[in-house]
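*Asks:* After the sequence you'll find the predicted model.
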Amino acid sequence: MSAELFSIRMHSSLAGSHLSGAERLGDRRALSALAASLVERALAHERGEADQIRVTVERLDPGALLTGCLPGLMTLRVPDHRQGRQAAAELLRGAGVAPEAISSALSWLLEGPSPEGGNLRGAMLIDAVSGERLEPDRRRGVRVSRMDLAPSLAEELGRALASFDLDNAHVREALVLAGKVLAAPGVVAELCWSDDPSYTAGYVASSGGGYQRLTHLKALGDPRGGRAFFLRPEGLDLPALLAFLEKTPMLFTGLGPLAHPVDWRG
Ligand code: WAQ
Ligand code: MG
């Protein structure tokens, strides 16, 4: 990427509710193609065609750019979403998240974390000890932004994922997002599953375990999904964490190890 750096973000909604979003980084030459692809994507979402699409382009200071490696990826096969959620709870416990915080996150995700019981545009922030919700805006959540794969890594990642039949936008984007979240100050772990009704896989990410996919975390057809970032309460600097997640540009230039899928045995 050249000395010029831009953030490009898309947010779409349908009948006033969040439909889809995406965040990319690019240089000047890449911008119009990126904008077109994000608009197309908002119009082709499986939950419906957007009736409002916002695309925001901002010039960034290339001097502020961080680089890093993607987390390692592992797939754990589970027979259904009940066992998937149990497995997720065990992985989170192993990463140091307290049982209260795990059950709090799971129940918010099951009910729908917004005050109306729907999906958030962003993630919940959850105290990893008490399970209390800490995000300043509970209707929106915290949207992680300004991260992407370095152009040179995009192809390499595509090839590596394709050898496991995993080269889809869900995996690529979630891996990048989880990589930035794990680099954030005060984050212990993340739990995520998609809000797309046809996509039942999700993951637990932590610095010790990397990106651990579970093949089912929700039932097929369920339109609810979301993310929880578990935060270490000691020494937590919430403004610094929010600034990092929302504003600091981060580009991934290296792959982590990819493991062959295995069956989960609790
Ligand atoms: N920042 C914070 N939260 C976000 C962001 C973001 N940039 N993007 C999405 N979310 C939240 C929001 O609440 C969505 O409703 C929810 O996450 C799900 O988003 O390895 O596709 O884009 O097979 O539907 C994970 C498994 C797929 C991939 C996740 O999420 C795999 C996925 P979606
Ligand atoms: Mg989605």
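*Replies:* Structure received. Ligands and ions are numbered 1, 2, ... in the order given.
*Asks:* you'd agree Arg121 is up against Arg9?
*Replies:* No. Taking contacts as CB atoms under 8 Å, Arg121 lies outside contact range of Arg9: 11.3 Å. (C-beta placed from N, C-alpha, C; glycine too.)
*Asks:* Now the common contact residues for these two.
*Replies:* Residues touching both Arg121 and Arg9 (CB atoms under 8 Å, 6 or more residues apart in numbering): Gly21.
*Asks:* so who does the closest residue to Ala50 other than its chain neighbours touch?
*Replies:* Distance criterion CB to CB, 6 or more residues apart in numbering; nearest residue to Ala50, sequence neighbours excluded, is Ser12 at 3.6 Å. With contacts defined as CB under 8 Å, 6+ apart, Ser12 is in contact with Leu19, Ser20, Gly21, Ala42, His45, Ala50, Gln52, Ile53, Arg54.
*Asks:* Pull out the buried members of the residues you listed.
*Replies:* Among the contacts of Ser12, those scoring as buried are Leu19, Ser20, Gly21, Ala42, Ala50, Ile53 (criterion: 16 or more other CB atoms under 10 Å).
*Asks:* What helix or strand is the residue nearest to Ala50 located in?
*Replies:* Using DSSP states H and E, Ser12 sits within strand 5-14.
*Asks:* Can you list the strands that that strand pairs with?
*Replies:* Partners of strand 5-14 in the sheet, by DSSP bridges, are strand 17-26 (antiparallel), strand 52-60 (antiparallel).
*Asks:* so can I have JSON lines of these showing mean pLDDT?
*Replies:* Formatted as JSON lines, these follow (pLDDT from 0 to 100):
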{"stretch": "strand 17-26", "mean pLDDT": "94"}
{"stretch": "strand 52-60", "mean pLDDT": "97"}
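*Asks:* For Leu231, which of the ones you listed is the nearest?
*Replies:* Evaluated with CB to CB, the strands paired with strand 5-14 place strand 17-26 nearest to Leu231, the distance being 21.2 Å.
*Asks:* which parts of the closest one are buried?
*Replies:* For strand 17-26, burial by neighbour count (16+ other CB under 10 Å) applies to His18, Leu19, Ser20, Gly21, Ala22, Glu23, Arg24, Leu25, Gly26.
*Asks:* Surely the third one is in contact with His45?
*Replies:* Yes. Shown here, Ser20 and His45 form a contact pair, counting by CB under 8 Å, at 4.9 Å.
*Asks:* residues of the helix or strand encompassing Leu34 that come out buried?
*Replies:* Element membership for Leu34, per DSSP H and E: helix 31-43. For helix 31-43, the buried set under the neighbour-count rule, 16+ other CB under 10 Å, comprises Leu31, Leu34, Ala35, Leu38, Arg41, Ala42.
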